[in-house]
Structures are given as structure tokens and as C-alpha cells.
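**Q** Could you look at this predicted model? Sequence included:
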Amino acid sequence: MTTFEAILLTIVTASTPLLIAALGELVAERSGVLNLGVEGMMAMGAACSFAAAVTFDSTLLGVGAGILAGALMASLFALVVLGFAANQVGSGLALTIFGLGLSGLIGAPFVGARRDPVAHIDIPGLSDIPVIGRLFFEQDLFVYASIALTILVAIYLTRTRSGLTLRSIGENHTSANALGLPVWRVRFWAILFGGACAGLAGAYLALVYTRFWSPGMTAGRGWIALALVVFAAWRPGWLLVGAYIFGAATVLQLHAQAAQFGVPPQVLSAVPYLATILALLLLSLRHGRAIGAPGSLGVPFVPDR
Amino acid sequence: MKADVSSSGPPLVELKGISKRYGDLLANDGIDLSIEPGEIHALLGENGAGKSTLVKILYGVIEPSAGEIRWEGRPVSIGSPVEARNLGLGMVFQHFSLFDELTVAENIAVALSGDWDLATVRGKLGEISRTYGLALDADRAVWTLSAGERQRIEIVRCLLQNPRLLILDEPTSVLTPQEAEHLFTTLDRLSAEGCSILYISHKLEEVRRLCRRATILRAGRVVATIDPRASSAREIAALMVGSEVGEIRTDAPHHPEGEMLKVASLNLPPAGMHGQSLRDIDLTARAGEVVGIAGIAGNGQTELFAALSGERLAGGPDAVVIAGRPVGTTGIDGRRRLGAAFVPEERLGHAAAPTHRLSENTLISHAAAEVSRSGFILVNAARRLARTIVQSFDVRTPEGDPQARKLSGGNLQKFVIGREIIRKPKLIVVDQPTWGVDAGAARLIRQALVDLARQGSAVVVVSQDLDELFEVADRMAVIHQGTLSPLKPIGEWTKEAVGLEMLGVAQASGGVHAV
Ligand SMILES: Nc1ncnc2c1ncn2[C@@H]1O[C@H](COP(=O)(O)OP(=O)(O)OP(=O)(O)O)[C@@H](O)[C@H]1O
Ligand SMILES: [Mg+2]
């Protein structure tokens, strides 16, 4: 494998968790719920998946545990923001702090353990094509799943009835309620989906990306996922672009730091953020009217009765 | 007196002793009402009488504090709009329940039950808008549409569901006379087909044209059930208000002088893909006069208002001159500081922030004046100001300083207009001043605008209501597809001439082959 190929491969691995977590958050936000707890749900996903995978020596069970942990965290959030109409920003921040703490507790016995690499899919023939062969046809299952999920979410939002209902509720929950759309139910499932995705992203980090557990290993990726949703103007397609630009810039700046170009490393660390903002800004400029957030995003829903 | 109703079975729907309490206020107080199959029943009452509250209860949006609903003789509890729709109710809301970012077709599709895909919805939409003469473009986003067009969506959305009882909460308040006429034909046809209609309107002539029975509410109670055809509009209005409604006085002689507003060759590209562009607009308004702008919704009124208020800036400073100062490139606040005031069409969300209290809403246009100092809000001054507006413009509020969304539609309208008039602006531009306002309040608003002009302000009124313009305006122009007809004294206009200008056939051939 050439260095170039290796770099390309790391880019894919770095981008995938961001994409998965951000997709979940995107769906929640399109339904009008701002969940700032992504980082905490991701950390829980990582800790629980790693613990389960080591205990039962099964990657599959690990992934399942990660998804479940994220979804459980999200249902806690749903209870607070839907059931009690609590402030979403505050509840989300609390969820992150809670998740980071609890994940440390759950993961503590597993510090130092390691997992073997996850099998890569290998399509004979196709994966032998130079450069693009390995890039496109020899990834782990998660990578393909994340791309498929992006497409599914895009189709769901724009082409299905239930997606239309979800968007309407996010756009204006008062109107939606007046028309009899099930605001709470849709939001509950959207929040849960967001949590499951964050949990899956965490599992990917622990089981594929690092293959060990250490406290705080999510390292702010949850926050980046949140930012990506905004920069991608709540569109799955742009999210894919954004996640990969961010992943690429992150990996490349690491290599640049190693190569010692004489640019201060702090400046290089800022490059991924700047590059992503710039790229998505250009996208939205081309689109004409700047696209705003869903109309009811972050607003607690309290119907007149 | 009870009007004849040709039916033997039980009424389609019967309300018994419906009450709704909001804190100390009884918005509905033991209301009884019954609607026969195929009947067009009017629900009348001044602003805040409790009409919207009652129909929202019937449609399952809000829960009554007491009372019973019977559907075809059976007691039912309507817990949500879905249940209401399943029973066969359809409703056009007074404050639109639309989604700005979605297209017209999506807005309609989202409320449909049963199986559908967007292509069939689009097809049916085209069909219905052709049959009933309610033109709509399926693929436009709602935020690009005028209030009149939005109302059309609400109406079409209901018709698509083949309701057995159609509730219309002020459906014609922003429709043009032609559109309204189409709607009446539609309603007559629906009624003949056996669909019942509960019709809320402040336009009593319409009610007399359409309905055989009318229930009149005052302060949450039923005060009479009458046959509107047997009484004059004046008598009905008197029943609603509890006293006579006079005509407005415009008598004071006026000598307009000094141009407060001058618009010269204003051109503005459309805001969105489907917006209307403004072309070569010339307009003046002098101190002491009321200038009326007539036109069918969606012909550039929204854009013209945005250009006058500074929500959208013109190409050069000289395109708009206010009180002698070129302000074409000055924003809305700068224009306000010169003594101008603006009241946009959409009261909830544009003119007022729904969840803010009235006192906080005074800040929207009074920030420069007495309610704030060096960036701090003078809370007491703001409360005092809100109270003054509420008193001088007879705004009925459920509590001392309520959130704007808690006011009934007409009362909020009185508040946002009062808020601007009380500043004694040199120039005021008002878009649809009496949209959804009862006869008494409409008179109060029109009188206030005329009085303001007579005290030396320039008043520009954009309205679709020709009667209103003929009542208040001294000079008038008609807007059609982004161009403005010459501004002529009101005496030189006839309704026919205005109608032709509105359709854009005036200069073309002079032919009367209008729709
Ligand atoms: N959510 C609410 N909370 C408190 N009071 C309310 C609320 N909604 C309405 N009200 C009050 O109930 C009364 C009746 O309001 P409603 O909207 O039914 O009037 P309306 O007859 O439809 O008037 P309009 O012709 O102006 O639309 C008003 O005094 C209004 O201020
Ligand atoms: Mg009302």
C-alpha cells in the first residue's frame, strides 16, 4: 500500500463517525429538536460497545450495545424536552456532561484492552484496481452503511410521506398541531434515531477507529457533528460533502504537522474547521437564498388546549 | 326568531353549553349552536367575541372547559383535528396553518389522510383550482406567497378532503371580490351537494348573500339567532356590537401640502424565484391626504410595502424620498427615525412577535423613542405605552399585558395599527389595515387613519377592499403585475375602472372581456 492510499483510507475512517452522528442529529433537528447531547451519547456508545465487545468477544454485540446506549440516552433527553417541555439547550448540555461522566465509569474496567481490526469487505477483482480499488471496494461495512444511510435519509426526508410530516413539524409545530400531525410522537422517534446514530458513531470510534477505550476518546467529535449539520444547511447531501471535507482536512493537517512545514501546529489544527465552513458556505451561496434553520428548531412545544 | 330549515332528521352537529375559560376570561360562555345538513350557517360577532375559540373547539384543536358536542345526534368527543377530519370536518383557519419552507403541493399533501403521492396531489390541486377558480402554483414555496394566495391554499386543502362540515374562519378577508365571488359559487354548490358550512366573516353583505341562519355572539355568549336576509347589515352590526355603527367622517377640508413620500422610477427585482418585480413605480403622498393602493393580492403589494418600509433597499438613494430625505438605501429603522411608520400585512409574526407581551411589542417600532434609553428598556414606560394604545384603540385583552398571540385577530390588528398611529408619524404606510376586523373596529381604524391625515400626516393605505379605499382615500392608484397606474383623485375613479385596472385590461384594448 502506498502512503497516498493509506492517507485516503484514513480519511474515510476519520469521516465516517462524523457522518453517522451528524445524520442522526440532522433528522432530530429537521423535526425541530436541537439535541446538544451528541458528544455524550457518542461517548456512551463508545464505552458500552467496547465493554460489550470485549466481554462477549463479539463486534456485532458491541455495535448493538453502542446503538442501544445512544438510544437510551436519547430517550432520557426526549422525556425531559418533550414530556416536560424543558429548555433544549440546557437539557442537551446536561446530557453531554452526564454521558461523558457515565461513559468513563462504564469504560474504566476496560482501559488497556484491545480489539482486533474489523474485517474489511473485499470484492475480488474490483478491489485490485489501483488506488480507487481499495478506496471504494475494500472498506469496512460501516463505511458502506453510512453512505447508504445518507441516501436513505435524503430519500426519507424529501420523498416519503412520513418525511414530509417530520419536516412540517420541524418547520412550524403550531400549524402542524392544528392540522393534527403527531408532533410529540414524530419528535420522539427523531430524537431516538439521533441517539442511535450517535451511539453507532461511538461504537465505530471504539471498535474500528482506535480499537481501544480511553475516557474522553470522542474528543469533541460530537460537537463537530453538530456544527456540520448547521453548515450543511440541514441537507443530507451536503452533510456527506462536509463530513468528508472535514475528515480529509483533519488527516491532511496531521500529516502536514508531521512533515514540519514551519507553520505553527495550532494554525494547522484550525484548517479543517475553516475548510469545512468555507466549502459549505460556497455551496449555500450558489444556492441563492440562505437556508435557515427549521422554523421551530429548539422551541419547546406547548400546545394551547 | 328561528329561520326555516328544511330538514327532518337530527342536525349534523349540535353544540350544547360549550364554555372555554382562559384564566379569568370566559371566551365562550354556554354556547348552543346547531347546524343542519347542507346549511350555510354564519357565526358573527365582533373581535374577541369568541368565534375562533368556538370553532377550534369544534375542530378538536382546543379542549372546552364544559359542554357537549353531538354529531348526527350522537355525543362525540373530538380530541384532535385528526378525529375531527375523520368525522368529516374541514377547517380553514383564521391564522394560516401553513409551512413557509414547503411548497404549495407539500402543504396540501401533509394534511391529507389516505393514500396519496405528490403527483396525484398536484393533479388534484390543479383540478380543484380550475373548477373553483382558485389559481395556485403547486411548486412554489409558501414563503414567497401573499396572504391572499396563502388563504387560497387553506381553502383548496379543505376542499380536497370532501368534508361534510366545512368551517371557514374569515376566508374572504384577503380575497379579491372576484375570488370571493368564486368562493361563494363554490360554497353554494357544496351546500347543494349536502355539505354543511359554518361561515365566520365580518363582511355582513357576504353573509346576507350566503346564509339563511346566523348565530351572533357577543362577549362569548349567543345573543341572537337570526335570518340575515331579513335584516340589514346595519341592524346585524348593531346586534353584534350592542350599539349602532356609524360611518366615518372625512368631512374636514384638507389642503395637502409638502410631499412626505416620493417614489420615482422605483425598480426592484423579485425577491425569490417567483416574487413579483416592481417596474417604474412613481408615487407621491402629501401631508394631509390618504393615498390608496388597490390591487389583487400577489401583484406586487408585498414588494411595494417592503420597498417603502426599507425591508428591501432600492438601487439608489433617490428612488424613495421620505420627508425630503433620500432614503432608498436606508433601512427600516433609519426611515422610522425620519418620522415614518409602517404596518405590514401579517400581524402575527411580522407586525408583532407572538410570544412577546404587548409592552415588549411596543419596542419593535418605538425603540428609538421613549421606551428605551441608551440600550436599556424602560419597562414601566413600555407598559404605560401599551396601556395607552390598548385604551385609545379599544383593544380587548384577556389580561393586563398579554402575549400578542393571546389577542383575537382583530384586536391584535387594532393594537399594531394603534402602536404606529400613536407615534404621530409624518408618514404611515399600512398594508391591509382592516384585515379580519369587525365593522366597529374597522370604522375605528379607518377613522384613526383619516384623522391622522387631517392632522397633517401623509397616509398610504394598501388594500384589496375597494369599499374601504373609496371611503378613506383622497387619491388612488391600482397596482397590477408590479406596475402602478397613474395616481388620480378618488372622484375620477369608478369601481368599474378600478376593476379593469386590477385585471390589467384598462389600457390594453378597453375591451370588457374580463373574467
Ligand atoms: N390562548 C389564549 N389565552 C388567553 N386568552 C385567549 C387565548 N386565545 C384567545 N383568547 C381570548 O379569547 C377571546 C376570544 O378570542 P377569539 O379568537 O375566539 O375571538 P374572535 O371572535 O375569533 O375574534 P376575531 O374576530 O378578532 O378573530 C379574546 O378575548 C381573546 O383575547
Ligand atoms: Mg377569530
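**A** Done, it's in. Numbers count the residues shown, from 1 in each chain, chains lettered A, B, ... in the order given. Ligands and ions are numbered 1, 2, ... in the order given.
**Q** quick one, phi psi at the residue nearest to the spatial centre of chain B?
**A** Centroid check for chain B by Cα atoms, centre = their mean gives B:Trp435 as the closest residue, at 2.8 Å. Backbone torsions for B:Trp435, taken as degrees, to the nearest 10, come to phi -60, psi 120.
**Q** B:Ala477 now?
**A** phi -140, psi 160.
**Q** In contact with it, which residues?
**A** Neighbouring residues of B:Ala477 by Cβ atoms under 8 Å, 6 or more residues apart in numbering or on different chains: B:Leu283, B:Val291, B:Gly292, B:Ile293, B:Ala294, B:Leu484, B:Ser485, B:Pro486, B:Leu487, B:Lys488. Placement of C-beta: from N, CA and C, glycine included.
**Q** want to throw the residues you listed into JSON lines with distance to chain A, pLDDT and secondary structure?
**A** As requested, those are arranged in JSON lines below (distance: Cβ to the nearest Cβ, whole Å; pLDDT from 0 to 100; DSSP: H, G, I helix; E, B strand; the rest coil):
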{"residue": "B:Leu283", "distance to chain A": "28", "pLDDT": "94", "secondary structure": "strand"}
{"residue": "B:Val291", "distance to chain A": "32", "pLDDT": "95", "secondary structure": "strand"}
{"residue": "B:Gly292", "distance to chain A": "32", "pLDDT": "95", "secondary structure": "strand"}
{"residue": "B:Ile293", "distance to chain A": "27", "pLDDT": "95", "secondary structure": "strand"}
{"residue": "B:Ala294", "distance to chain A": "30", "pLDDT": "92", "secondary structure": "strand"}
{"residue": "B:Leu484", "distance to chain A": "27", "pLDDT": "94", "secondary structure": "strand"}
{"residue": "B:Ser485", "distance to chain A": "31", "pLDDT": "93", "secondary structure": "coil"}
{"residue": "B:Pro486", "distance to chain A": "35", "pLDDT": "92", "secondary structure": "coil"}
{"residue": "B:Leu487", "distance to chain A": "33", "pLDDT": "93", "secondary structure": "coil"}
{"residue": "B:Lys488", "distance to chain A": "38", "pLDDT": "93", "secondary structure": "strand"}
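**Q** Can you turn the buried part of these into a PyMOL selection?
**A** Buried subset of those, written as a PyMOL selection, criterion 16 or more other Cβ atoms under 10 Å in any protein chain shown:
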select buried, chain B and resi 283+291+292+293+294+484+485+487
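**Q** if we take the contacts of B:Ala477, which one ends up nearest to B:Tyr132?
**A** Using Cβ to Cβ, B:Ala294 is the member of those that sits closest to B:Tyr132, with 23.9 Å.
**Q** and that closest one, bridged to which residues?
**A** When assigned by DSSP bridges, B:Ala294 has beta-bridge partners B:Val478.
**Q** nearest residue to the residue in the stretch 401-515 of chain B positioned nearest to ligand 2 other than its sequence neighbours?
**A** In the stretch 401-515 of chain B, the residue that lies nearest ligand 2 is B:Gly409 (4.7 Å; Cβ to the ion). Distance criterion Cβ to Cβ, 6 or more residues apart in numbering or on different chains; nearest residue to B:Gly409, sequence neighbours excluded, is B:Gly436 at 4.6 Å.
**Q** Distance check, A:Thr10 against ligand 2.
**A** 62 Å (Cβ to the ion, to the nearest Å).
**Q** Point out the residues in chain B that sit beside ligand 2.
**A** Within chain B, the positions lying close to ligand 2 (Cβ under 5 Å from the ion) are B:Ser52, B:Gln94, B:Gly409.
**Q** change it to 8 Å
**A** B:Asn47, B:Lys51, B:Ser52, B:Thr53, B:Gln94, B:Asp169, B:Glu170, B:Ile200, B:Ser408, B:Gly409, B:Gly410, B:Gly436 (Cβ under 8 Å from the ion).
**Q** how many neighbours does the fifth one have?
**A** Meaning B:Gln94. Taking other Cβ atoms under 10 Å in any protein chain shown as the neighbour definition, B:Gln94 ends up with a count of 23.
**Q** related to what we said a few turns ago, as CSV, the residues of chain B next to ligand 2 with secondary structure would be great.
**A** Converted to CSV, those look like this (DSSP: H, G, I helix; E, B strand; the rest coil):
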residue, secondary structure
B:Asn47, coil
B:Lys51, helix
B:Ser52, helix
B:Thr53, helix
B:Gln94, coil
B:Asp169, strand
B:Glu170, coil
B:Ile200, strand
B:Ser408, coil
B:Gly409, helix
B:Gly410, helix
B:Gly436, coil
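**Q** Same question for the helix or strand harbouring B:Leu412: list its buried residues.
**A** Here B:Leu412 sits within helix B:409-421, counting by DSSP states H and E. When burial is assessed from 16+ other Cβ under 10 Å, helix B:409-421 yields the following buried residues: B:409-421.
**Q** What distance separates the opening and closing residues of stretch B:18-29?
**A** 7 Å (Cα to Cα, to the nearest Å).
**Q** That stretch near chain A anywhere?
**A** No. Using Cβ under 8 Å from any Cβ of the partner chain, stretch B:18-29 never reaches chain A; the gap is at least 9.0 Å.
**Q** re earlier: could you check the pLDDT of the residue nearest to B:Gly409?
**A** pLDDT for B:Gly436: 75.
**Q** Output the set of residues of the stretch 301-450 of chain B in proximity to ligand 1.
**A** Residues of the stretch 301-450 of chain B found near ligand 1 (Cβ under 6 Å from any ligand atom) are B:Arg396, B:Pro398, B:Lys406, B:Leu407, B:Ser408, B:Gly409, B:Gly410, B:Asn411, B:Gly436, B:Asp438.
**Q** With respect to pLDDT, which of the residues you listed ranks lowest?
**A** Among these, B:Gly436 has the lowest pLDDT, at 75.
**Q** To what extent is that residue buried, counted in neighbours?
**A** 25.
**Q** That one contacts B:Gln413, correct?
**A** Yes. Assessed by Cβ atoms under 8 Å, B:Gly436 is found in contact with B:Gln413 at 6.6 Å.
**Q** Now flag whichever of the residues of chain B next to ligand 2 is closest to B:His41.
**A** So of the residues of chain B next to ligand 2, ranked by how close each gets to B:His41 (Cβ to Cβ), first place is B:Ile200, at 10.0 Å.
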